[in-house]
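# Provided below for reference: sequence and predicted model.
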Amino acid sequence: MTQQPASANEHIASVAVEKVYLKGNHKVPVLRGVHMSVQRGEFVSIIGQSGSGKSTLLHLMGLLDKPNVGEIRLEGQRVDDLPAATRDELRNRVFGFIFQFYHLLPELSVLENVLSPLMIRDSALTYWRRKSEYQDRAHQIIEQVGLSHRLKHKPSELSGGEMQRAAIARALIARPSVLLADEPTGNLDGQTGRDIIDLLRTLNQEQGLTIVMVTHDESIAQQAHRTVRLCNGLVQVLSDAA
Amino acid sequence: MYKLLLCLRYLRTRYIALASIISVMLGVATMIVVNSVMSGFATEMRTRIHAIHADISLETGSLDGEPSAQQHMALIREVAGQYVESMTASVEVFGLMHFRRGGQWIPRPVQLVGIEPESKTLVGPYTEHLDSYKTIREDGVVVRQPLRSMNDKPGWDLTAESTAYRKKEKERERIFLKHFLDQQQEQEPLMERKPKLEGDAPKFEEGAPTFENEVPEPKESQAAAVETANATVADDSQPTIQQVSAVQPAQEEAPNRPKDDPFKAQPFVQQQFNPDAVEPSDPDGPYRARVVLGAGLVEFIREIAPNKIRIERMVHPGDDVKITTVSAGRPPRPVSFTATVTDIYKSGMSEYDSNLVFCNLDYLQEIRGMMDPQTQERAITTVQIKLKNYNDAKLVLQKLENVFPSHLYSVKTWEQKQGPLLAAVDIESAILNVLLFLIIAVAGFGILAIFFMIVVEKTRDIGILKALGASSRGVMSIFLLYGLALGCVGSGIGVALGLVFVRYINEIERGLSLVTGRKVFDERIYYFPSIPTDVNSFTVFWVAMGAMLIAVAASILPARRAARLHPVEALRYE
Ligand SMILES: Nc1ncnc2c1ncn2[C@@H]1O[C@H](COP(=O)(O)OP(=O)(O)OP(=O)(O)O)[C@@H](O)[C@H]1O
Ligand SMILES: [Mg+2]
């Protein structure tokens, strides 16, 4: 594996990442040396066939999993081999996740779901002390995603679009620098999906958030600055969008 | 923070967790109730045993005893006077009691204790346990008021009721006997068949032939016995030997003591001592020997109807019983005497109630020949001591052991005397506790199973939490905390439930009796007016702690499993 020199503005990158899953006794290679570099403030979309390893790559970049070979770099530093506690911390502070199935906690209200990353970060005492500050921040972000009227609702009482907005608010509350979105529009109808993408674009433009988004939909992928296509576990085409 | 919030939410939304809360709760409540009742009984039992044995007892090694009460007490006062509150001397010896019932003389092995009631009652509760001082209840209804007031000093007198009863019995006997003897004179052969009297003429007549074999014929001809019997019966002042033969004309001369006839066959031979037994003035009067019988010796429980029992008493105050024991000296010889029952003793400890016969000390000393012919000093076998403060027992024991030689005396506290019994009770309650704790352990396994279910159900949420930065330890602590919360709530409610149950146990018992129509807790069987309970806060605390510990322990495995879930796989989980 040749090490590619990291550009000065590189935010997050996967270098020669390989991932193999074991199915029974034989190995299933999913990623076979993926090079991918995302600049700070860039909005990149990843497309590819189902089963091509898009989600796997996103999970590796978000430190939810470890690559078998290769490394994940955050601002030029290798992060995939850090101790578990540090990676937990990074996930909490640096990355924001958005999933296709929203993945909100069903027992908590929208507000509590949005606040959950902060609850995870702080001990009960610290959280209690900073509660009002956090509440303000949560209200502000929920306002931003347009969900102020649903604060006390449980996820089961929300529509798909509303749940995704709540999930986005949750991803943003910890003020991450990288947003990792796995098919954020996959379960939404066209218009709602476009609204969500618009929201992401606004965030990208206004706050300079780095966004990596996995999608099936070519038209949605076009909204990003750049599209990466995964095929047979390799990055196939790099194309610049509009 | 999220841990607290989530575990609170899980507690509120997972109804399945209620199952484990309930099982913990029931386990805790059962343990508290059972422990309280057990320790209530145990405490009650200890009090009763303590009452019988007094704080410390000094006993001679031999049945002959040592003279004299005054000398012993003086020495005790000299070495440990400042700790001693009161003392009483007694003579304890084994014996055999016979009482008459249904035409038979029924034997009972007894422990015969010669006491001085007045000092005895100062050393421990005595009058409280006497029938004549008690209010008698049946099914909660007072059927008899106390015959004596608590202020009456205990003695050996019969109550007015007992005297009246005795008079009536004697009268009845006389009437019957007169009739019987008239017949007997006409029908000579009948005289050979010596029936036992039941004090009830018709009954006797029907049953008479069946008694035939109960009198061993050979003994009848024992000249010595017959002679003594003659002498005894002829002279009412010597009724201690009741060996009257039907073939002797003496019977007709003294018809007021025929009930002793069956006894004639027994080799009761008066030894050396032949004190007056009846107040000469009154032929129906009580004997000089007076006894208080343990209730268990003469009472039995009979089921008169389904679920309805009655205590039957075979001997009443005012009746006479035969006592046989051994004389002091070498070799010991049997001595027997007739004594009038003045009262029934019921301490609530069946071990004692079915063993003890209290007798007037002076009489017992005399009849056992424990009196020095020259000095008139009387020997005693036991001194019971009540201390001002039982905490000094060890010290007093030490002091007494220093002056009373150990080959002649043994000095023991009541606990030492009852060591095996008390130890058995302790072991019993320990075993019961272990068994009951298994109930809570079962509840623990319930928690284990339910938690595994919840972990599986929450797999995706665990993945989400990890994606949001929760550490494995954090996820683990959610479930541990959850277990602790279940334990806390369960044992909290359990403790409350248990305490309420214990508090109202008698009301509950009454309710149960009403519903089932069967008395759950019969005071006459258990000797308790109500179920004794004793809530030990220490026990309650440890039961609650144990339950919480088990709940947490049971959640460790599921929690570890949750902590080990791989976030990506957890997120993929549908
Ligand atoms: N834990 C696993 N064990 C075995 N195989 C796995 C595991 N996770 C993923 N795979 C396999 O890896 C391949 C890539 O999965 P991945 O979820 O990354 O695909 P994807 O591109 O996101 O597909 P989709 O568009 O349907 O979401 C699939 O063939 C899948 O079967
Ligand atoms: Mg996918």
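Nice, I can see it. Ligands and ions are numbered 1, 2, ... in the order given.
# Please name the nearest non-neighbouring residue to A:L203.
A:L209 (5.0 Å; Cβ to Cβ, 6 or more residues apart in numbering or on different chains). C-beta: built from backbone N, CA, C; applies to glycine.
# same thing with B:S429?
Spatial nearest neighbour of B:S429, excluding adjacent residues (Cβ to Cβ, 6+ apart): B:M38 at 5.0 Å.
# Give me the secondary structure label for that neighbour.
helix (DSSP: H, G, I helix; E, B strand; the rest coil).
# Could you tell me how far it is located from B:L436?
Applying Cβ to Cβ, to the nearest Å, the value for B:M38 to B:L436 is 10 Å.
# Check B:S23 too.
13 Å.
# And A:R170, by the same measure?
A:R170 is 48 Å from B:L436, by Cβ to Cβ.
# what residues are up against A:A138?
Contacts here follow Cβ atoms under 8 Å, 6 or more residues apart in numbering or on different chains; on that basis A:A138 touches A:111, A:114-115, A:169, A:173.
# Apply 10 Å and report the result again.
Residues near A:A138 by Cβ atoms under 10 Å, 6 or more residues apart in numbering or on different chains: A:110-115, A:118, A:151, A:169-170, A:172-173.
# Among the residues you listed, name the buried ones.
Buried by 16 or more other Cβ atoms under 10 Å in any protein chain shown: A:110-115, A:118, A:169-170, A:172-173, out of the contacts of A:A138.
# If we check chain B, which of those are in contact?
A:112-113, A:115, A:118, A:170, A:173 (Cβ under 10 Å from any Cβ of the partner chain).
# Among those, which one lies nearest to B:F479?
A:E112 (19.2 Å; Cβ to Cβ).
# correct me, but that closest one touches A:Y134?
No. Applying Cβ atoms under 10 Å as the test, A:E112 and A:Y134 come out as separate, 11.1 Å apart.
# okay, and the common contacts of those two?
In contact with both A:E112 and A:Y134: A:M119, using Cβ under 10 Å, 6+ apart.
# longest helix of chain A?
helix A:190-207 (DSSP state H).
# now for that one, which elements pack on it?
With contacts taken as 3 or more Cβ pairs under 10 Å, 6 or more residues apart in numbering or on different chains; DSSP states H and E, helix A:190-207 sits against strand A:43-48, strand A:95-98, helix A:131-144, helix A:160-173, strand A:178-182, strand A:210-214, helix A:218-221.
# How about that helix, which residues are buried there?
Buried-residue list, helix A:190-207, by 16+ other Cβ under 10 Å: A:192-193, A:195-197, A:199-200, A:203-204.
# Now do the helices in the stretch 451-574 of chain B.
B:459-467, B:472-503, B:505-516, B:523-526, B:537-564, B:567-572 (DSSP state H, counting those that start in this stretch).
# and those, which is most packed in?
Highest mean neighbour count among the helices of the stretch 451-574 of chain B (mean count of other Cβ atoms under 10 Å in any protein chain shown): helix B:459-467, with a mean of 24.
# what helix or strand is B:P107 on?
Assessed by DSSP states H and E, B:P107 sits inside strand B:104-115.
# quick revisit: now the ones next to chain B among the buried ones among the contacts of A:A138 in a markdown table, with pLDDT and distance to B:S471?
Listed next are these as a markdown table, based on pLDDT from 0 to 100; distance: Cβ to Cβ, whole Å:
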| residue | pLDDT | distance to B:S471 |
| --- | --- | --- |
| A:E112 | 90 | 20 |
| A:N113 | 91 | 19 |
| A:L115 | 91 | 18 |
| A:L118 | 90 | 15 |
| A:R170 | 92 | 18 |
| A:I173 | 90 | 19 |
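# ok, of those, which one's closest to B:G285?
A:E112 (93.7 Å).
# Now name the helix or strand holding the closest one.
helix A:110-121.
# Who are the packing partners of that helix?
helix A:84-93, helix A:124-129, helix A:131-144, helix A:160-173, helix B:2-13, helix B:459-467.
# For the first one, C-alpha coordinates in PDB please.
I take that to be helix A:84-93. Output in PDB follows, covering the C-alpha atoms of helix A:84-93 (Å, rounded to 0.1, in the frame of the first residue of the first chain):
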ATOM      1  CA  ALA A  84     -11.400   2.400  22.900                       C
ATOM      2  CA  ALA A  85     -12.000   5.200  25.400                       C
ATOM      3  CA  THR A  86     -10.400   7.800  23.000                       C
ATOM      4  CA  ARG A  87     -12.400   6.600  20.100                       C
ATOM      5  CA  ASP A  88     -15.600   6.800  22.100                       C
ATOM      6  CA  GLU A  89     -14.600  10.300  23.000                       C
ATOM      7  CA  LEU A  90     -13.900  11.200  19.300                       C
ATOM      8  CA  ARG A  91     -17.300   9.700  18.200                       C
ATOM      9  CA  ASN A  92     -19.000  11.800  20.800                       C
ATOM     10  CA  ARG A  93     -17.200  15.100  20.000                       C
END
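# which parts of that helix are buried?
Under 16+ other Cβ under 10 Å, the buried positions of helix A:84-93 are A:87-92.
# on that earlier part again, got a markdown table for the contacts of A:A138, with distance to B:D353 too?
Shown next, in a markdown table, are the contacts of A:A138 (distance: Cβ to Cβ, whole Å):
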| residue | distance to B:D353 |
| --- | --- |
| A:V110 | 75 |
| A:L111 | 73 |
| A:E112 | 69 |
| A:N113 | 72 |
| A:V114 | 76 |
| A:L115 | 72 |
| A:L118 | 73 |
| A:L151 | 75 |
| A:A169 | 80 |
| A:R170 | 77 |
| A:L172 | 83 |
| A:I173 | 78 |
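# tell me the contacts of the residue nearest to the spatial centre of chain A?
For chain A, the residue nearest the mean C-alpha position is A:L180 (1.3 Å; Cα atoms, centre = their mean). By Cβ under 10 Å, 6+ apart, A:L180 lies in contact with A:12, A:57-59, A:61-64, A:91, A:95-99, A:171, A:210-214, B:467.
# again with A:P176
Taking Cβ under 10 Å, 6+ apart, one finds A:90-97, A:117, A:209-210 in contact with A:P176.
# Over to B:Y133?
Taking Cβ under 10 Å, 6+ apart as the test, what B:Y133 contacts is B:126-127, B:146-150, B:152, B:154, B:343.
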